[in-house]
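Student: Need the 3D shape of this:
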Amino acid sequence: MSVSLVAVFIPLLLMGGIVGRLFREFAVTLSIAIGVSLLVSLTTTPTMCAKFLRPAKDERTISFIAAVNGFSIKLW
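Tutor: Next up, the predicted model:
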């Protein structure tokens, strides 16, 4: 999606005349912003999710024990 957005702004970047000069800064600024957003979404966001959304080891153990106890009660 980011590549298609940048591709939309390429004709504005290459446009000639007065209108091209007016829109050149706009096209460059938005293309750079979209590129930075792409970089962050592919690198930083998954890293932060892996770090902050991981449950603590104690919580996983308690959940596993509770699930095993719950299943053993249902089986009896």
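
Student: And the average pLDDT for the longest helix along the chain is what?
Tutor: With secondary structure taken from DSSP state H, the chain has its longest helix at helix 17-42. Average pLDDT, helix 17-42: 90.

Student: Mind giving me the packing neighbours of that helix?
Tutor: Here helix 17-42 touches helix 2-14, going by 3 or more CB pairs under 8 Å, 6 or more residues apart in numbering; DSSP states H and E. Yep, even glycine has a C-beta here, placed from its N, CA and C like the rest.

Student: what angle sits between the helix or strand following the longest helix of the chain and helix 17-42?
Tutor: On the C-terminal side of helix 17-42, the closest following helix or strand by DSSP states H and E is helix 44-52. Here helix 44-52 runs at an angle of 20 degrees relative to helix 17-42 (axes from the mean of the first three to the mean of the last three CA atoms, to 10 degrees).

Student: Report the inter-axis angle for the longest helix of the chain versus helix 2-14.
Tutor: Comparing the axes of helix 17-42 and helix 2-14 via the same axes, to 10 degrees yields an angle of 160 degrees.

Student: got the buried residues for helix 17-42?
Tutor: Under the neighbour-count criterion of 16 or more other CB atoms under 10 Å, helix 17-42 has 27, 30-31, 34 buried.

Student: ok, of the residues you listed, which one's closest to residue 12?
Tutor: Nearest to residue 12 among the buried residues of helix 17-42 is residue 27, at 4.0 Å by CB to CB.

Student: what sits against the closest residue to residue 9 other than its chain neighbours?
Tutor: Distance criterion CB to CB, 6 or more residues apart in numbering; nearest residue to residue 9, sequence neighbours excluded, is residue 27 at 4.2 Å. Applying CB atoms under 8 Å, 6 or more residues apart in numbering to residue 27 gives the contacts 9-10, 12-13.

Student: any idea how far residue 53 is from residue 27?
Tutor: Distance from residue 27 to residue 53, counting by CB to CB, to the nearest Å: 37 Å.
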